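*Asks:* sequence unknown, structure follows:
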């Protein structure tokens, strides 16, 4: 998502040193061989957050392609991230901007799972920290006249860290997950598959 930002803004978030307690890796599209079913509370939280991460990119793609309706953002984001997305996509309708193409998730790795309520974002509940490498080679942001608004030097691939929390974990441990924050990571882009 950060690569869509025309002005090149980097998401602001503190970067606490992760303490890995559960590490899993998935790719999109999902791999052909099924992953084993989660057996621990941490594995279930990681699997649920990973599923939400893929949905986050799908929903933000859809909203960016047609920024006339921002309501779907509430189904995948909360806290600082929801504000950031609304502030990004809100002006697009007035400016006649929209996105073409689709973000491709290349690599998605759970870095940590924390059941401490003091995680990233303002929501209480567990937080899963996930690093995502994505490809935007086929993505453009165009104005009403069809002129690209993307910096010509934008890299095709980049990493970002998502903090995904579940404020309703006690009532809904599987589907209450939302992206609370994200930060662009300065590291080598993932390799092509």
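*Replies:* Arrived safely. Model, not experiment: these values are computed from the prediction.
*Asks:* Tell me the gap between the host helix or strand of residue 141 and the middle of its chain.
*Replies:* Using DSSP states H and E, residue 141 sits in strand 140-142. Distance of strand 140-142 from its chain centroid, counting by Cα atoms, centre = their mean, to the nearest Å, is 19 Å.
*Asks:* Now it: buried residues?
*Replies:* 140, 141 (16 or more other Cβ atoms under 10 Å). In this view, the C-beta of every residue, glycine as well, is placed from N, C-alpha and C.
*Asks:* Over to stretch 66-82?
*Replies:* Applying 16+ other Cβ under 10 Å to stretch 66-82 flags 67, 70, 73, 76, 77, 78, 79, 80, 81, 82 as buried.
*Asks:* hang on, the earlier thing: and the strand holding residue 141, what other elements does it pack with?
*Replies:* Strand 140-142 sits against strand 98-100, with contacts defined as 3 or more Cβ pairs under 8 Å, 6 or more residues apart in numbering; DSSP states H and E.
*Asks:* Now the helix or strand harbouring residue 59: average pLDDT?
*Replies:* Using DSSP H and E, residue 59 falls within helix 41-65. Helix 41-65 carries an average pLDDT of 97.
*Asks:* what angle do the next helix-or-strand element following it and helix 41-65 make?
*Replies:* The first helix or strand that comes after helix 41-65 along the chain, using DSSP H and E, is helix 79-95. Helix 79-95 runs at 10 degrees relative to helix 41-65, counting by axes from the mean of the first three to the mean of the last three Cα atoms, to 10 degrees.
*Asks:* Quick check: mean pLDDT of helix 79-95?
*Replies:* Rounded mean pLDDT across helix 79-95 is 96.
*Asks:* Go ahead and confirm residue 107 touches residue 130.
*Replies:* No - here residue 107 does not reach residue 130: they are 10.3 Å apart, not a contact under Cβ atoms under 8 Å.
*Asks:* Look at those two and report which has more neighbours.
*Replies:* Taking neighbours as other Cβ atoms under 10 Å, residue 107 and residue 130 compare with residue 130 leading, 26 against 19.
*Asks:* Please determine how far that one is located from residue 81.
*Replies:* Separation of residue 130 from residue 81 (Cβ to Cβ, to the nearest Å): 13 Å.
*Asks:* Now do the helix holding residue 59: distance to the chain's middle.
*Replies:* For helix 41-65, the distance to the chain centre is 7 Å (Cα atoms, centre = their mean).
*Asks:* for stretch 105-123, what is the average pLDDT?
*Replies:* For stretch 105-123, the mean confidence score works out to 79.
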